[in-house]
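Q: coords please:
(one chain, ligands or ions: 1)
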Amino acid sequence: MEKIIIYGGKPLSGRVRTSGSKNATLAIMAGAVLAEGRVTLHNVPRIGDTLTMVELLNGLGAATHFSDRNTVVIDSTHIHCLEAPYELVRKMRASFCVLGPLLARFGYARVPVPGGCDIGARPVNFHIDGLKRLGANIHIEHGVYSAESRRLRGANIYLDFQSAGATQHLMTAACLVPGVTVIENCATEPEIVDLANFLKTLGAQIEGAGTGTITIHGVERLSGGEYSIIPDRLEAGTYAIAAAMTGGDILIENAVGEHLRPVISKLGEAGVEVTEGAEGMRVRRVGRLHPVDIKTMPHPGFPTDMQQPFGALLSIADGTSVITETVYESRFRYVNEMNRMGADIRVEGRTAVITGVERLTGAPVTATDLRAGAALICAGMAAEGSTEVSGIEHIDRGYENIVHRLQGLGAQIERSVPEEQ
Ligand code: EPU
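A: Residues are numbered from 1 along each chain as shown. Here you go, the predicted structure:
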């Protein structure tokens, strides 16, 4: 079984480039199903999840390939299969979001109940209810959602929670739905804005992305187009935390400070210096880390995806921190692994009480999901001795060449099987 091995204790230094946003790319690739014509996407991260999405789109009959390392070309003109395979949807939740676009364009689609990272219940009721509001008939049988309707129409949709996935899914589907669709209490993440900007380059009419209400005027067809994905704020945040944990000094090229406000603010509270400049974000830590309390919230609150790496950081702070996870109930599964490395973290329900320790010590640990993996890598880099991280298929889903990039920052880290460059 492949592992990542880290010999910790070396402060990171140098420059690292941020890849394109995973979560924006996945939503945009699902949105490309709407286009009649060729879509060229630049700055696509070459990671497990985007490769899975390429496979899914090809399975539907869209001609999709990486034309170079970070450019994907998708031609959905001749989509002929309206059913997504279980093996892919089980692996990656974002693949569920082809249901609405297929339905809107072809009047019919079948997609299995999705899987993905095991971080909580993760139902899809907002997606299904929203599509029903647009006039879809949807039923579930043998684990597969079947949706059909030749007569979709614009509608007002109120989301009970600012779900990123449901906002993206419904906004995308509504582009080809006649009439006006208004999505209220929607998510406002930068990835939502990126998806809207992409869809607009194809001819969609969308207003309000990035605010709590999005309005979509349905159009008859969308054409091809060319688009470049925004930098990944969660990857940038992970490198920032790694630098802070090791007492390092790094420049994260093209990280967008505006997308990282809550993380930058909490890093500042913890005693980490973050400066934003034209080339990116410099992260530096000289003194001890201070304890910080965090509550995860939908954007623009503190992102749940950064909760795990930040928990690793606070495990070596000078005092006690409290983290409250309000978005995903099972996102504390990394805590057992952190405690194996000498951390002192106690979880009660949705709260983790982190008593900072002087030092972590390397140990064999297992990544249970993507960001848990990121947290363990950050911890391993700050720990004394060697840490062996298993379950790295989770990490490969979301971080492009992470070992190579950290080596570039001076970390002593390697894979038991060398990384493809
Ligand atoms: N929810 C429902 N019903 C729904 C949809 C969501 O109850 O129909 C609940 C979820 O169970 C959760 C909350 O609403 O408690 C938020 O879920 P959301 O829909 O916003 O999450 P998502 O779209 O499934 C995306 C990211 C996640 C990220 C979350 C929150 C992608 C592919 N995934 O998931 O990213 O944690 O938003 O920001 O965009 C990751 O990158 O590691 C990752 C898991």
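Q: number of residues surrounding the residue of the stretch 51-200 of the chain found nearest the ligand?
A: Closest residue of the stretch 51-200 of the chain to the ligand, Cβ to the nearest ligand atom: Gly165 (2.6 Å). All C-beta spots, glycine's among them, are computed from the backbone N, C-alpha and C. Using other Cβ atoms under 10 Å, Gly165 has 22 neighbouring residues.
Q: need the three-state assignment for Arg359.
A: coil (DSSP: H, G, I helix; E, B strand; the rest coil).
Q: hang on, the earlier thing: residues in contact with the residue of the stretch 51-200 of the chain closest to the ligand?
A: 93-94, 96-97, 124, 127 (Cβ atoms under 8 Å, 6 or more residues apart in numbering).
Q: that one: helix or strand, and which one exactly?
A: helix 164-174 (DSSP states H and E).
Q: hmm, the following helix or strand past that helix in reach of the ligand?
A: Next helix or strand after helix 164-174 toward the C-terminus (DSSP H and E): strand 180-184. No: using Cβ under 6 Å from any ligand atom, strand 180-184 stays clear of the ligand, with a minimum separation of 13.0 Å.
Q: tell me how far strand 180-184 is from the chain's mean position?
A: From the chain centre to the centre of strand 180-184 is a distance of 24 Å (Cα atoms, centre = their mean, to the nearest Å).
Q: the helix or strand bottoming out on mean pLDDT in the chain and the ligand in contact?
A: The helix or strand of the chain with the lowest confidence, counting by mean pLDDT, DSSP states H and E, is helix 86-91 at a mean of 89. No: between helix 86-91 and the ligand, judged by Cβ under 6 Å from any ligand atom, nothing touches; the nearest distance is 12.1 Å.
Q: just to revisit the earlier point, per-residue confidence for the residue of the stretch 51-200 of the chain closest to the ligand?
A: At Gly165, the model reports a pLDDT of 97.
Q: same question, the one 10 residues further on
A: Reading off the per-residue confidence, Cys175 sits at a pLDDT of 98.
Q: run a quick neighbour tally on the closest residue to Thr201 other than its chain neighbours.
A: Of all residues not flanking Thr201 in the chain, Gly225 sits nearest, at 4.1 Å (Cβ to Cβ, 6 or more residues apart in numbering). Counted with other Cβ under 10 Å, residues neighbouring Gly225 total 18.
Q: how about residues contacting the helix or strand that contains Gly225?
A: Counting by DSSP H and E, the element that carries Gly225 is strand 222-228. The contact list for strand 222-228, computed with Cβ under 8 Å, 6+ apart, reads 20, 28, 34-43, 75, 175-176, 197-199, 201-204.
Q: thinking again about what came up before, out of the contacts of Gly165, which comes closest to His65?
A: Ala94 (19.0 Å; Cβ to Cβ).
Q: SS state for that closest one?
A: helix.
Q: okay, now the unreliable bits of the protein?
A: 116-121, 418-421 (pLDDT under 70).
Q: how is the protein divided into domains?
A: Using automatic domain parsing, the domain parsing of the chain gives 3-19+231-416, 22-228.
Q: can you check the distance spanned by the last one, start to finish?
A: One end of domain 22-228 to the other measures 13 Å (Cα to Cα, to the nearest Å).
Q: let's number from 556 now, not from 1
A: Sure thing, new numbering starts at 556, so read that last one as domain 577-783.
Q: what residues sit buried inside the strand or helix carrying Val902?
A: Assessed by DSSP H and E, Val902 sits inside strand 899-903. Going by neighbour count (16 or more other Cβ atoms under 10 Å), the buried part of strand 899-903 is 900, 902.
Q: likewise for stretch 798-813?
A: Quick answer for stretch 798-813 (16+ other Cβ under 10 Å): 798-807, 809-812.
Q: equivalent analysis for stretch 629-644, please.
A: Under 16+ other Cβ under 10 Å, the buried positions of stretch 629-644 are 629-631, 634, 637, 639-641, 643-644.
Q: which bits of the protein sit near the ligand?
A: Residues of the chain lying near the ligand (Cβ under 6 Å from any ligand atom): 578, 581, 648-649, 672, 675-682, 716, 718-721, 742, 789, 859-860, 882-883, 925-926, 953.
Q: ok, which pair from the buried residues of stretch 798-813 is furthest apart?
A: Of all pairs in the buried residues of stretch 798-813, the most separated under Cβ to Cβ is Gly802 and Val811 at 25.0 Å.
Q: so which residues of the stretch 756-905 of the chain form helices?
A: 788-800, 816-824, 859-869, 890-895 (DSSP state H, counting those that start in this stretch).
Q: check which helices and strands the longest one sits against.
A: Pointing back at helix 788-800 there. helix 577-586, strand 804-808, helix 816-824, strand 835-839, helix 859-869, helix 925-937 (3 or more Cβ pairs under 8 Å, 6 or more residues apart in numbering; DSSP states H and E).
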